[in-house]
Structure formats: C-alpha cells, structure tokens
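Trainee: Just need the structure, nothing else, for what follows:
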Amino acid sequence: MAIANPVDAAEQRVTLGNVSWQTYIDLCENAECPRGRLTYDQGELEIMSPSWLHENVGRIIGRMIEMFTFHHQIEIHSAKSTTFKRERKQRGFEADESYYISHAPTMHGISDVDMEIHPPPDLVIEVDISRSSSLKMRVFAGLGVGEVWCFDGEKVIVHRLSGDTWEVCEISTERPSFPLTLMNTLLAQRSELSEHQMISRFVKNMDSQ
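Mentor: Just a heads-up that it's a prediction; the model follows:
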C-alpha cells in the first residue's frame, strides 16, 4: 500500500509499507526489473526515481570531492550507488554518491561489500531537493554511516552522526579542510556556469578558502 508519493521537478518518491525483506532483496537483485534507488527500513520501502537535475548535482558534488582528494593525495574508495544492506538490521540503501575515506585502506581490493563484515561508507552524498529524505537519514543512522552531506536545493548541509541522532556541523569531520563554502557558492551559480567552469574554479580556489 502506498503511503506517500511526493513529487517535484527533481525527484519522484514512492513509499510502500509492509514490504518483506525477501521482496526487497528480490528487487535489488532483479537486473531485468527497471527501478529507481531503493531504501529499506524494517518493512518500509522507498523507491526514488532521480531526475536529470538530481543526478547532475550529485555528480558535480562528487567530482569536487574527487578533485580535492586527488589534489591533496588523500586515499579514497568510491562506492557511488552501491546497494548497502544488512539483514540483521533489516535496513538497506543506495546513495547518490558514497565514499570510504577513513576506511579506504580497509576496502582496498574488496570486490563485493558485505555489511556483516565491512564498515558502512564514511561519507554519503544525498540530493534531497524535495526535502523528503527522512527515511533515508534514519537508515543511514541505523547502519552507522558517519557523515551525510545533504544538498537541499540551495546548499550542502553537513550532518554528523552522534550516537543515533544527526547533528548539523559547519565543517566536515571526515574532511575538515574541505572548502564547503566554495562548493556551495559554485553550486548556487550552476545556472550561469558550465560544469567545466565550476570544476575549474573549484580547483583554482580550493586551497584559498
């Protein structure tokens, strides 16, 4: 039964209740079944179909992170929209972008993630222009994701997990020197600047912030 179906120009989300874990797994593993990104929380399933705008903003944020870590020779392990799931917790998610940073050495050479063994990603990027990702934030917390950068349509807000709740932070705990102000300034100019111009200006100015 559908609980909600919030729609805007950037995201279409449908939430279903009373969905079994096995149904969720079947959807995750059925390559022939067209679907959006799945988030599962103890019987509640959200299906999100990202738009062009959603995907573009997420990828620009990801490129800035990757340029910054490359420039500063910081080891990362990119996981993008990998399906992270843990049966014991009855939770699973697929992020817009995700990275191992502190745990990058742990994940080196791993070909298949198992959350009963491996840690969750250290940093998740969530584009939430419709302001409706409360379920995903609950799942991120339940699976122990340490930090989420959430783009709300205007700017990126850093959320840091403290116990089982989220705290809004001025800087990234995972990467304190990352120039969030510069990134947000450039994201606000995305209708005037090309993607190349945005990334070029980020690289040129990222050490002066």
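Trainee: I'd like the distance between residue 97 and residue 151.
Mentor: Separation of residue 97 from residue 151 (CB to CB, to the nearest Å): 10 Å. In short, each C-beta sits where N, CA and C put it, glycine included.
Trainee: shared neighbours, these two?
Mentor: Taking CB atoms under 8 Å, 6 or more residues apart in numbering as the criterion, residue 97 and residue 151 both touch 58, 61, 125.
Trainee: how about the closest residue to residue 24 other than its chain neighbours, secondary structure?
Mentor: Nearest non-adjacent residue to residue 24, counting by CB to CB, 6 or more residues apart in numbering: residue 40, 4.5 Å away. When classified by DSSP: H, G, I helix; E, B strand; the rest coil, residue 40 comes out as strand.
Trainee: okay, residue 40: pLDDT?
Mentor: pLDDT for residue 40: 97.
Trainee: quick one: contacts for it?
Mentor: So residue 40 contacts 19, 21, 24, 46, 85, 90-93, 139 (CB under 8 Å, 6+ apart).
Trainee: Let's see which of the residues you listed end up in strands.
Mentor: Here DSSP state E is the test, and the contacts of residue 40 give 46, 85, 91-93 as lying in strands.
Trainee: where's the dip in pLDDT among the residues you listed?
Mentor: residue 46 (94).
Trainee: Please list all residues in contact with that one.
Mentor: 13-16, 38-40, 135-136.
Trainee: Closest to residue 177 out of the contacts of residue 40?
Mentor: Distances from residue 177 to those, taken as CB to CB, are shortest for residue 93 (27.5 Å).
Trainee: Show the contacting residues for that closest one.
Mentor: So residue 93 contacts 38-40, 83-85, 136, 139-140, 143 (CB under 8 Å, 6+ apart).
Trainee: check which helix or strand covers the spatially most central residue of the chain.
Mentor: Centroid-nearest residue in the chain, with CA atoms, centre = their mean: residue 125, separated by 2.9 Å. Using DSSP states H and E, residue 125 falls within strand 123-127.
Trainee: Packing partners of that strand?
Mentor: Applying 3 or more CB pairs under 8 Å, 6 or more residues apart in numbering; DSSP states H and E, we find strand 123-127 packed against helix 52-71, strand 97-100, helix 134-142, strand 147-151.
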